[in-house]
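Enquirer: need the 3D shape of this:
(2 chains)
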Amino acid sequence: MTDSIDRRRFLKVLGATSAGAAALSSCGIGPEPTEKLIPYLIQPEDQIPGTATYYATTCRECAAGCGVQVRVREGRAVKLEGNPDSPINRGRLCARGQAAIQGLYNPDRVTHPMIRNASGTFEAIDWDGAIQRLSAKVAGARGKGIVFLTGAEQSSFGDLVDEWMTQLGGRRQSYEPFGFEALRAGNRTAFGTAALPTYDFANAKYLLSFGADFLDTWLSPVEFQNGFSRSHAFDSGRPASMAKFVYVGPRLSLTGMNADEWIAARPGTEGTLALAMAQVIVSQRLARLPGDAPRLSGLLARHTPRAVAEVIGIEAQVIVRLATEFANSKGGLAVAGGMAAQYPNGAEIVAAVNVLNYVAGSVGSLVKFGADLAIGATNTFADLASLTSDMSAGKVALLFVHGANPAHSVPGAFQQALGKVGYKVSFSSYLDETAAACDLILPDHHPLEQWGDSRPRAGVIALQQPVVQPVFDTRPTGDVVLKLAGRPGTFQDYLQSKWRARQKTNFDQYWMDALARGGVYAEASARARPVRLAATAAGINTAAAPQPGGGDQEVVVFPHPVLHDGRGANKPWLQELPDPVSKIAWHSWVEVHPDTAAKWGLATGDFLLLKSQFGAQKFPAWITRSVRPDVLAVPTGQGHSAYGRYAQDRSANAFELLGTQVNSYGGRTFAVRASATKTGEHRKIVTTEGSPRERGQGTVEVLGLARAQGLHTGDHPFHYEETPEYAKDAVEWWGERQHEKASIGNYAGDHPRWGLAIDLSKCTGCAACVTACYAENNLATVGEQLMQRGREMSWMRLERYWLTDEKGVPQGAVNSPMLCQQCGNAPCEPVCPVFAAYHTPDGLNGQVYNRCVGTRYCSNNCPYKVRYFNWYNYAERDGEWEAWPEPLSMLLNPDVTVREKGVMEKCTFCVQRIRGAQSQARLQDRNVRDGDIVTACQQTCPSEAIIFGDLNDHHSRVYELAGNPRGYHVLAGLNTKPAITYLARVVAQETPSRG
Amino acid sequence: MVLWILAFLLPPAVLYGQQAPAASQRYRAPVVKDTGSLEGPRQPIFFRHDIHAGQDQIPCMYCHYSASVSSEPGLPSLQTCFGCHQLIGGSTPEHQAEIKKVRDAWREKKPPEWVRIHALPGFARFPHMRHIKALGTQSCATCHGDVQHMPQVYQVSTLQMGWCVRCHVEHKVTRDCTVCHY
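Expert: Okay, here's the model as predicted:
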C-alpha cells in the first residue's frame, strides 16, 4: 500500500486540526492495520468460509412454534428466515422471530451462574459448585413445597420437568401473561371442550373479529396472517374475490387497522352483538341451521337487534346487515379474543361468538377442533394466583422459574410473595425482574444454542437444534435438571429417547429427516373433531360486568404487538420498531380520542397519570381517532425495573394498573377503571409519523371492490398529472439522452432491470419486513434520543394512512411500505458531487459508501425521503452511539459493509443477494432465474406482499404485476420513473360504521 | 536400435513433455540462509510455498480449498498441515525446527496466527470463485504473483482499485461499482 494521503483522511485532517493527530489513528480510516488469520484446528465438514450454512430449528419467541432456518456464517448466526417446510408459518417470519438473534447475542445476557451472597448482591459461582448447593437445597425442601414455573412448555423439556417434579413430590406450573383463559372457558360453555381449535383464515369468505388480534399476538399470528392474505387480498384472477373483514373492538389494533369496517361496540358488549347476529341468522334462516339450533331459541329471543342495539351502541340495521353479509358469504369466520376476551365477561363473549359460528355453519369447516393448540394447555391466571397465595403463606420452600417473568406482569403481589419463598432459582438468560429477586441464577442456553422440541398443535412436532456453539458459560436447563435428578446423560439424549419412542424402526433416517425439515409435520386440516352445542350454551349471559378499579375512566390494557408481555423490551430492533398503529417507538403511550382530549385540554405528548385502586402509572398521550371517545388504551411491554440496558427504567408498566384478582373464567381482566389526571409534564413523543392523512398526494391509492373487479389489463384508473406543454420538449430530449447513455460502455447490451411489486391489499403493516431489513443489512439502531430527532436508519418504513368515513372515524388504514424506489430518473443521482449515487446498468440506484463524502444533497433531493445519513459512528466500539455493543456485533451480516459516520445509505434491493445469486448462476453456467433472488423483506413477509424480480424478463412475476391495472407509482407526477410498482389497496363496498 | 528400446522404457510424461519434468528438470527450492533479506512479513512458522507448491507441486486449492466455490479462498486448517507432517519430519535441522512447531501446535490445540498479506478494505468485496471461474484454476499467479517460487509470501500486486479496473477493462467485463462495493 502506498503512503499517500487519501481523500477521506485529507478531509478529516482539515476538520480536526485542533484535535491533534491522536484522533486520526483510532478512527478506522487510512490503511487497515495488519490482521491475523487464525485457521481452524479441524475443518468443520458442513461449513465453507464465505458461504452460509442453514440449520432448521424452531422459534421460541412466542407459543406459535413457527419453524425457522438460521443462516450461519463461520459459526455465527446472522439471520433467521422462516422454514418453508413448516405448515405453521410456511417460510415466513414475524418481527419478533427476526429479532431472536438479538436475544442470542444480547449484551445483557447472564454469562455464568450467579449466587446471591451474604451482602445481598450477585456474585459469580462455578457450575459444579452451584449444582452442588442446589442439590442440597432440593434435598432439604422435599415435602415442604417445590414448584417449577415455566412458560408455555408443551415439549420434551416440559415432560422432563414433570417427571422430576413427580419424583420430588413437587409440581410444574406454566404461566403466560396473555393466556387465553377466556377462549378455553368460552369453548367449554359452548361446546363442552376446553381445547383450542385452529382457524382456517385462508378459506374464509367473510371475517369477523371480535377483538381477536390475529395479525399481532393472537395464537399464531404468522400462520393467520398468511391465511388472511389468501382470503382477504384482492386477486383479480379469483372469481370469489376478497373476503370482507369487519373488526369489533374499542380500539384499532394492528389487526383492526386492516379491517374494511370498524364496529366500535361499547367495551364488553361484543358478545351481545354476536348473539344478536346469530338471532338474525336463525330467525331469518339465512344459513342451513344445525339440528340442535332450536336449543338456542330462548337465548336468542332475548337478543334481537332492536333489543340490544342501544346497549352495544350501534344501530339495529347495522346488526342486521352484518348478520346478512356474514351468512350470505357462505364461509363466514368469526373469531373472539384480544380485548374482547379480557373483560370480566370475556368467556361469555367467546361463547357467544362460538354460537354465531355454529349457527352459520363454520364449526367443522373453518373452525376446526382437534388441533389442540398447545397454549390451551397452559395453566391459567387462577393457577398463578393460587401459587402466589401459597408462596405468601410460606408453603413454597423451593421455586424454580424458567421462561416466565411474573415479577414484571404481576408486580407487587408476586414480588412480595417471592420474598416468602425459602429458596428461589432462576434459569433465565437475562437478569429480568424475577431473576433479580432470586437467590441463584443458572442461566439457560438461548433456544438457538440448545436441543429441544415443542408441540405447538396436534400433528406438528417442531424440533429445535443448536445452530451455534454457546456464546457464554451457560448450560441447557435440561442438563441441569437431569443432573439434579440423578439421571445419566444430557438433555439431548433424553430428547432422542423420547423421539425414539415414537419411531422404533429406522430411527436414524427419521431423525436426520426431522433435523433437516425442522420437525415432523401433519396437516391440521386432516382431522377435525366434530363438536355439538353443550347444554350450557343456552345459558350464556353476555351482560357486561362492571370493571374493577374504582376510577371514572375506562382503561384497556392491550399487548404491544412486538414487545408483547415485555419479553421483547431488551432487543433494540424491537424497541426501535415503530408500533404499527401509533408509530411510536421506545416508550409507551395512552391512546386518547380527540373529543376527550379537547375536554381535558390535552395535546399529544402531555402526560396523563392513570390511577386505579391497584396502582398508578403515567403515560404520554397520543391523540387518535382510532379509539372510542370513552376509552383510554395503554400497551404493555415497557416499564421494566431490570432486564438490561434497553429495557430498564424506560417508560411505564401498564401491568401496574391491573388488579390481581381472578375473574370468573380463571383469567385476568385487562380492563380497569382508573382516574386520569394531567400531570403537567410533557415530552416529545418518539414517532416516525409525518402526517396521518394522505391528502391525495398519490402516495397510496385505494379502490373500491366493484371498481377493482371491473378493471382490465391496460386500464389506468388513477389520475396521472399530464406533463405540461412547456415541459414536453424537455422530457422528450431527456428520453433521447437516456437512450444514448444506455448504449455506452457498461450500459450497452442486455441487462436486467431489477424491480419490486408491493401489493397494498396484502400488506398489513406488521413491519416484519422492517426488522428483516435491519437484520440483513446491518442497520444501526440509534436509540430513543436520536430517533426523537428523526435520525432513525430504517431503510424500509411503513406509512399508515387512515381510511375514514364521512364523519372522520377511521374504518381501517392502508399501510404502504416506503423504501428507495430505485428511480429510473433519480433526483438523487445528478446532485452527488462525487458520483457516490449513480445508476447501475441493472437498474439500481447504486450507493457507493466509500465514495460518499456526506454532503447529503442526495437526501435533500429525494422526494420520497428514503435516504438515511450516518450522523454518528454507530459502529464505534464503546462509542457514545454504539449500536452493536459486544457481543451484538456477532449478528452483523458479513456480506454487507458496515457504514461509518458521514456516509449516506439506503435500500439497495438487497444487492448482496442479487450479486450472490448471479455468482451462483455463473458457477452453474446458467442465467439467473425468476425466484432465485429474494430480498429480505420479500422473504419474511407473512402476507407475501412483496415480489422482487427482473422487469426486463417478460416471464417474471414482477413484470406481470407491474402491468396489473391496479398498479401505480408513488408520486408519479414527479417523473422519477420508480422501479417499484405498488398495487392499490382494495376495500370492500361498505356502509360507514357509526360506532 | 537401442534408442528405440530406450524410448519405450522412458516414462510417457517425458515423451509428451508436459506434466512432470524429468527428475533433473524439476524445480528444487533453494536453501534459505538469510531469512531477514526475504520480502514479506515474517510468519509464526516459516512456511515455504516454494517447497510445498513449487517443489512438491501441491495444487493451490489443496490447501486454499474454497477458492473456487466461495469469495473466501480458505485457509488450511491445522489438520491439513498435520495430515502430512505427522509423518514428514523434515530433512534438515532448519526444516525440522519449523515442522516441530506444527506438531506442537497440533498437540496443544493452538493453531498458528498467520500474518495476513492480502487484505481489501471492508467496503470492497472480492469473490474468488467468480475470478477462478472466469480465469481458470491455474490463474492464482495472475494476482498473487509467482507464489510457487516464494520462500515467504509477499504482496506483488497493489490491489488498489485502478489495478482491478485495468484488468476488468482488458477482459471486457463489468466496471459497475455495485458489483464490488455494497
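
Enquirer: which residues touch the longest helix seen in chain B?
Expert: Longest helix in chain B, counting residues (DSSP state H): helix B:93-108. Applying CB atoms under 8 Å, 6 or more residues apart in numbering or on different chains, the contact partners of helix B:93-108 are A:41, B:44-47, B:78-79, B:81-82, B:85-86, B:88-90, B:111-112. From N, CA and C alone the C-beta is placed, and that goes for glycine too.

Enquirer: put the buried members of those into a ChimeraX selection.
Expert: This is the ChimeraX syntax for the buried subset of these, where burial follows 16 or more other CB atoms under 10 Å in any protein chain shown:
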select /B:45,46,47,78,81,82,85,111,112
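
Enquirer: and chain A, which residues reach chain B?
Expert: By CB under 8 Å from any CB of the partner chain, the residues of chain A that approach chain B are A:1-2, A:32, A:34-43, A:48-51, A:745-746, A:838, A:840-842, A:844, A:846, A:848-851, A:895-898, A:908, A:911-912, A:915, A:919, A:922-923.

Enquirer: taking those residues one by one, which sit in strands?
Expert: A:36, A:37, A:838, A:846 (DSSP state E).

Enquirer: are any of these buried, and which?
Expert: For those, a burial check counting by 16+ other CB under 10 Å picks out A:838, A:846.

Enquirer: among the ones in strands among the residues of chain A next to chain B, which two are most distant?
Expert: A:36 and A:838 (36.2 Å; CB to CB).

Enquirer: so where's the stretch 201-350 of chain A shaky on pLDDT?
Expert: By pLDDT under 70, the low-scoring segments of the stretch 201-350 of chain A are A:236-241.

Enquirer: nearest to the spatial middle of chain B, which residue is it?
Expert: Note on chain B: the residue nearest the mean C-alpha position is residue B:60, at 4.8 Å, using CA atoms, centre = their mean.

Enquirer: so residue A:492 makes contact with residue A:453?
Expert: No - Residue A:492 lies out of contact with residue A:453 (CB atoms under 8 Å); the separation is 11.1 Å.

Enquirer: neighbour count: those two, which is higher?
Expert: residue A:453 (23 against 16; other CB atoms under 10 Å in any protein chain shown).

Enquirer: check which helix or strand the more buried one maps to.
Expert: Residue A:453 belongs to strand A:452-457 when assigned by DSSP states H and E.

Enquirer: would you mark the buried spots in that strand?
Expert: Neighbour-count burial for strand A:452-457, counted by 16+ other CB under 10 Å, picks out A:452, A:453, A:454, A:455, A:456, A:457.

Enquirer: tell me how far the longest helix of chain B is from the chain's mean position?
Expert: Relative to the centre of its chain, helix B:93-108 is centred 20 Å away, using CA atoms, centre = their mean, to the nearest Å.

Enquirer: the helix or strand following it and chain A in contact?
Expert: Toward the C-terminal end, the helix or strand that comes next after helix B:93-108 (DSSP H and E) is strand B:114-115. Yes - Strand B:114-115 comes into contact with chain A (CB under 8 Å from any CB), by way of B:114, B:115.

Enquirer: sheet partners, orientation included, of strand B:114-115?
Expert: Within its sheet, strand B:114-115 is paired with strand A:36-37 (antiparallel), according to DSSP bridges.

Enquirer: chain center to the helix or strand just after the partner strand, what's the gap?
Expert: Next helix or strand after strand A:36-37 toward the C-terminus (DSSP H and E): strand A:53-58. Distance of strand A:53-58 from the chain centroid (CA atoms, centre = their mean) equals 20 Å.

Enquirer: within the sheet, what are the partner strands of strand A:53-58, with directions?
Expert: strand A:67-73 (antiparallel).

Enquirer: tell me what the next helix or strand after the strand it pairs with is packed against?
Expert: Per DSSP H and E, strand A:67-73 leads on to strand A:76-82 as the next helix or strand towards the C-terminus. Secondary-structure packing of strand A:76-82 (3 or more CB pairs under 8 Å, 6 or more residues apart in numbering or on different chains; DSSP states H and E): strand A:67-73, helix A:95-98, helix A:100-104, helix A:768-776, helix A:936-940.

Enquirer: I'd like those as CSV, with mean neighbour count appended.
Expert: Below are those laid out as CSV (neighbours: other CB atoms under 10 Å in any protein chain shown):
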stretch, mean neighbour count
strand A:67-73, 23
helix A:95-98, 28
helix A:100-104, 24
helix A:768-776, 27
helix A:936-940, 26
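
Enquirer: mean pLDDT added to these, as a markdown table?
Expert: What follows is the helices and strands packed on strand A:76-82, written out as a markdown table (pLDDT from 0 to 100):
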| stretch | mean pLDDT |
| --- | --- |
| strand A:67-73 | 97 |
| helix A:95-98 | 97 |
| helix A:100-104 | 97 |
| helix A:768-776 | 98 |
| helix A:936-940 | 97 |
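
Enquirer: just put these in JSON lines and tack on distance to residue A:735.
Expert: As requested, those are exported to JSON lines (distance: least, CB to CB, whole Å):
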{"stretch": "strand A:67-73", "distance to residue A:735": "42"}
{"stretch": "helix A:95-98", "distance to residue A:735": "42"}
{"stretch": "helix A:100-104", "distance to residue A:735": "47"}
{"stretch": "helix A:768-776", "distance to residue A:735": "33"}
{"stretch": "helix A:936-940", "distance to residue A:735": "31"}
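
Enquirer: tell me the contacts of the closest residue to residue A:300 other than its chain neighbours?
Expert: Spatial nearest neighbour of residue A:300, excluding adjacent residues (CB to CB, 6 or more residues apart in numbering or on different chains): residue A:279 at 4.1 Å. Residue A:279 makes contacts with A:300, A:301, A:303, A:304, A:305, A:323, as judged by CB under 8 Å, 6+ apart.

Enquirer: which strand or helix spans the residue lying closest to the second one once chain neighbours are set aside?
Expert: Across the structure, with CB to CB, 6+ apart as the measure, the residue nearest residue A:301 apart from its sequence neighbours is residue A:279 (7.4 Å). Secondary structure from DSSP H and E places residue A:279 in helix A:270-283.

Enquirer: ok so, going back, nearest to residue B:135, of the contacts of helix B:93-108?
Expert: residue B:47 (25.2 Å).

Enquirer: gap between the residue lying closest to that closest one once chain neighbours are set aside and residue B:89?
Expert: Once flanking residues are discounted, residue B:47 sits nearest to residue B:98: 7.5 Å by CB to CB, 6+ apart. Look at residue B:98 and residue B:89: by CB to CB, to the nearest Å, they are 11 Å apart.
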